[in-house]
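Enquirer: Structure of the sequence below:
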Amino acid sequence: MVALLQQEPHWLTKASKTCDYNGAFFAVVYTQGSPPTEHRHTSARNGTAMRRLASIFPLVDQLRSYGAGDIRSDITAGLTTAVMLIPQAMAYAMLAGLPPIVGLYASTVPLLSYALFGTSRQLAVGPVAVLSLMTAASVGAIAEVGTDAYMTYALVLALMVGVIQLVMGLARLGIVTNFLSHPVLSGFTSAAALIIAFSQFDDLIGPGFHLPTAIIGGVSLLFLLALRIFKPSFPGMFFIVVASIAVAWAMGLENYGVELVGQVPTGLPAFSMVPLEWEMIRTLLPSALVIALVGFMESFAVAKKLAEGHGEADELEPNRELVGLGAANAAGAFFGSFPVTGGFSRSAVNDRAGARSNLAAVLTVIVVVVTLLFLTDLFYYLPQTVLAAIIMTAIVGLIDIKAVKHLWEVKRDGLVILVLTFASTLIIGIEEGLAIGIGASLLWFIIRATKPHVAVLGRLPQTTSYRNLDRHPEAKVIPGLLLVRIDSQFFFGNVSFLKSTLTELEKEMDQPLKAVIIDASSINQLDSSAEIALRQILEDYQERDVELYFAKTKGPVLDVMRASSFYDLMEEKHFTYRVHDAVEAACERCFGVHDPSRLEHPVQ
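Expert: Numbers count the residues shown, from 1 in each chain. You can find the predicted model right below:
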């Protein structure tokens, strides 16, 4: 830049230069003259290239405003998260029915892949309890734990989960995950937590209750639970791993029958092709679909909550998160990984430690790599009961008591869905319970859509506002006028219900029906079946000299009415911007009175 200023004094007499973001380009402020065209074009091309790069790799965009303080924060977060990740990853691999070393493999390439393609600055990706349990349930049904076939199926499952998430993200199908409602997810994860706890009980106390094992496991569990309550910032898992290794080595616990992790291979995960066969794919496909959806839902919920705390929620985009997680799982499968996603506890630690970009995850990987290269021999003396205690401590947060209390107070139909999902998962099985929960949730949604809320309206005294008579008994009505508000889209599923509702409301009236006014402000959509139903309603009313008015009709609904010529069947004044305008028009047409207040009376 200095050379440029020296070479071009004839077109620039005064300038100031600034380094923008991470030094990727310079902005020059000219106070006199104009820069040569070729320099403007180069700057524009550089800016376009940076935007394209950032659209593929969100990390590039995160680093554009990076500073020295952010580097220190990411280093602290990366190291802190690694201290928690290493023991957790080994424990969750054991939960998945895999050797502990596989948990460390799953904490390398998947984390790097998400760091490149993921949009969350705080999310800590890696092995998690629920997906580990689902992996064990899926693979354990078709292969024996400890065999080469079991490991192969786990790799294939990870690859399939990654491909499914990638395809969903690239096809912009992130909206599909909306079908997994919060009550379903809460019921499922709570039941999964109990299943995990039961599955770890034998490892915690030893086969048939082995006293030395039970003592070590019990003390470890109580210690970790106490820290969770009284000192959550303390790296308890790392401490208990180091302490138990030292005790096991010094006291020779292996000689007392305490099961140890044993020999852990040294070295980084090697690249290997994932063997794919059609029978494998066909068998694992249902499980892969469920794991892909559950993994994304858990991860995105955590990422969104943390991003909102920093005012960064706009940076999160469901489809790009699917791509990030898909890349993590697909790439990890070629380096010995099983399915991973973003975990709540590690992400919360990562956030509290000050993570400002995905570089924190890169630093976490560096620590894991150092561990794999130089420290794996130390894990020989790690008691397996300690890993069981770590798992049982981690799943405490999965039991969602707050959701039960909230739904009981706010929406009890959601509580029914939660309890049904919980019971089905606990009694029938993981995948079956989740499927039942999703099915029940969708069925209830359909039922509510086919029987929407319909309010009969009246005018609030001394206003031109019309409200639900059930909630505002002081509102006034006009005999012979029926004012209704339909709080739903009008489609084939609720046509019959709405027609019968209008008929029933007419029967309840004290005076003969003169006009029906529909407040259409809540109708967002009108399909062909609903349009035909409106024609039938209009024809019936016209035969009986009953007027029909629509107030506050939205543009998309009016577009359908105009396209189908329904709009032409009525006079233009039968479509009004306000409910009060429709009431005035109906009063003048039916009673010859323009002022509705002359005809109103309180609800009987």
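Enquirer: Not counting its neighbours along the chain, what's nearest Phe490?
Expert: Excluding the flanking residues, the one nearest Phe490 by Cβ to Cβ, 6 or more residues apart in numbering is Ala530, at 4.0 Å. For glycine as for every other residue, the C-beta is placed from the backbone atoms N, C-alpha and C.
Enquirer: Isn't that neighbour up against Ser496?
Expert: No. Counting by Cβ atoms under 8 Å, Ala530 sits too far from Ser496 to count as a contact (10.9 Å).
Enquirer: Out of these two, name the residue with the larger neighbour count.
Expert: Under the neighbour definition other Cβ atoms under 10 Å, Ala530 and Ser496 were set side by side, and Ala530 has more, 21 against 12.
Enquirer: who touches the more buried one in this structure?
Expert: 490-492, 495 (Cβ atoms under 8 Å, 6 or more residues apart in numbering).
Enquirer: From Tyr541, how far out is it?
Expert: Distance of Ala530 to Tyr541, given as Cβ to Cβ, to the nearest Å: 16 Å.
Enquirer: Among the contacts of Ala530, which one sits closest to Asn524?
Expert: Phe490 (9.0 Å; Cβ to Cβ).
Enquirer: quick one: the closest one and Leu498 touch, right?
Expert: Yes. If you go by Cβ under 8 Å, Phe490 and Leu498 touch, sitting 6.9 Å apart.
Enquirer: neighbour-wise, which of these two wins?
Expert: Per other Cβ under 10 Å, whichever of Phe490 and Leu498 has more neighbours is Phe490, with 25 against 22.
Enquirer: Need phi/psi at the more buried one.
Expert: Torsion angles at Phe490 (phi, psi; degrees, to the nearest 10) stand at phi -110, psi 110.
Enquirer: what's across from it in the sheet?
Expert: On the basis of DSSP bridges, Phe490 is bridged to Leu526.
Enquirer: about what we covered before: I'd like the contacts of Ala530 as JSON lines, with distance to Leu98 and pLDDT appended.
Expert: Formatted as JSON lines, these follow (distance: Cβ to Cβ, whole Å; pLDDT from 0 to 100):
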{"residue": "Phe490", "distance to Leu98": "53", "pLDDT": "88"}
{"residue": "Phe491", "distance to Leu98": "48", "pLDDT": "87"}
{"residue": "Phe492", "distance to Leu98": "50", "pLDDT": "87"}
{"residue": "Val495", "distance to Leu98": "54", "pLDDT": "89"}
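Enquirer: just the buried members of those residues?
Expert: Using 16 or more other Cβ atoms under 10 Å as the burial test, the contacts of Ala530 include 490-491, 495 as buried.
Enquirer: Tell me the one of these nearest Thr80?
Expert: The closest of those, once distances to Thr80 are taken by Cβ to Cβ, is Phe491, at 51.8 Å.
Enquirer: thinking again about what came up before, could the contacts of Ala530 go into JSON lines alongside distance to Pro556?
Expert: Output for the contacts of Ala530, formatted as JSON lines (distance: Cβ to Cβ, whole Å):
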{"residue": "Phe490", "distance to Pro556": "12"}
{"residue": "Phe491", "distance to Pro556": "13"}
{"residue": "Phe492", "distance to Pro556": "17"}
{"residue": "Val495", "distance to Pro556": "18"}
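Enquirer: all helices for the stretch 301-450 of the chain, in order.
Expert: Along the stretch 301-450 of the chain, counting by DSSP state H, counting those that start in this stretch, helices occupy 318-333, 344-352, 359-374, 384-394, 401-410, 412-427, 430-450.
Enquirer: pretty sure Val176 is touching Met168, no?
Expert: Yes. In this structure, Val176 is within contact of Met168 by Cβ under 8 Å, at 6.7 Å.
Enquirer: Neighbour count for the two, which is higher?
Expert: More crowded of Val176 and Met168, by other Cβ under 10 Å: Met168, with 24 against 14.
Enquirer: Just confirm Trp249 contacts Phe379, I think it does.
Expert: No. At 11.2 Å, Trp249 does not count as touching Phe379 under the criterion of Cβ under 8 Å.
Enquirer: Give me the more crowded residue out of these two.
Expert: The neighbour comparison of Trp249 against Phe379 (other Cβ under 10 Å) goes to Phe379, with 21 against 15.
Enquirer: give the contact list for that one.
Expert: By Cβ under 8 Å, 6+ apart, the contact set of Phe379 is 90, 100, 245, 261, 264.
Enquirer: for Ala361, same thing?
Expert: Here Ala361 is in contact with 78, 81, 111-112, 114-115, 124-125 (Cβ under 8 Å, 6+ apart).
Enquirer: Of those residues, which belong to helices?
Expert: 78, 81, 111-112, 114-115 (DSSP state H).
Enquirer: Out of those, who's the most crowded?
Expert: Most surrounded of the ones in helices among the contacts of Ala361: other Cβ under 10 Å gives Tyr114, at 32 neighbours.
Enquirer: Skipping adjacent residues, who's closest to Gly236 in space?
Expert: Once flanking residues are discounted, Gly236 sits nearest to Leu227: 3.9 Å by Cβ to Cβ, 6+ apart.
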